[in-house]
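Novice: coords please:
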Amino acid sequence: MNSENDAAGGLQLLTGLEVSAVSFVRDYVELHFDGPVLRALSNPLGVYGGREWHFPAPGSLDLMRCYIGKTVDAYEEDPGRILTLHFGEHRFGIPLDDGSSLGPESAHLVGVDASGMTSPLGGMWIW
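Specialist: Below you'll find the predicted structure:
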């Protein structure tokens, strides 16, 4: 498992990757990248096509599905505040502040192992 200080290394892993799936799992959301998985344990928010959204507000699920097929071209991390993926003009953010977290962690990123399968053996980053 990688330390929080190496968060940029994990986020760099996503740069250039395309979102292959958006999964809604009980009380959290996952972005899949044909291998790596970014898990939003606090309610994500963002901007898509100029429209702001905040999960689980009405319409947010429809906008979040629009990220499928989009490629990460940049990222930002403001520790203790927010983690943001950029997809051109679109943004997908995961709040990291204590008030937004539903538990002790706000996000997980799980990498891929040597065989290309999603696995903590390929790195795991926790915010």
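
Novice: For the spatially most central residue of the chain, list the residues it contacts.
Specialist: Nearest residue to the geometric centre of the chain (CA atoms, centre = their mean): Leu38, 4.1 Å. Leu38 is in contact with 14, 30-31, 85, 94, 107-109, counting by CB atoms under 8 Å, 6 or more residues apart in numbering. Where C-beta positions appear, they are placed from N, C-alpha and C, glycine not excepted.

Novice: Kindly supply the PyMOL command isolating those of those residues that are buried.
Specialist: Remark: buried members of those, expressed as a PyMOL selection using 16 or more other CB atoms under 10 Å:
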select buried, resi 14+30+31+85+94+107+108+109
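
Novice: where's the residue nearest to the centre of the chain relative to Val19, distance?
Specialist: 9 Å (CB to CB, to the nearest Å).

Novice: swap in Tyr28?
Specialist: Applying CB to CB, the value for Tyr28 to Val19 is 16 Å.

Novice: Have a look at these two and say which one is more surrounded.
Specialist: Val19 (23 against 18; other CB atoms under 10 Å).

Novice: list the contacts for that one?
Specialist: Contacts for Val19 (CB under 8 Å, 6+ apart) come out as 31-33, 67-72, 87.

Novice: Among the contacts of Leu38, which pair sits farthest apart?
Specialist: Maximum pairwise distance among the contacts of Leu38 (CB to CB): 14.2 Å, between Leu85 and His108.

Novice: biggest helix in the protein, by residue count?
Specialist: Across the chain, the longest stretch assigned as helix under DSSP state H is helix 7-14.
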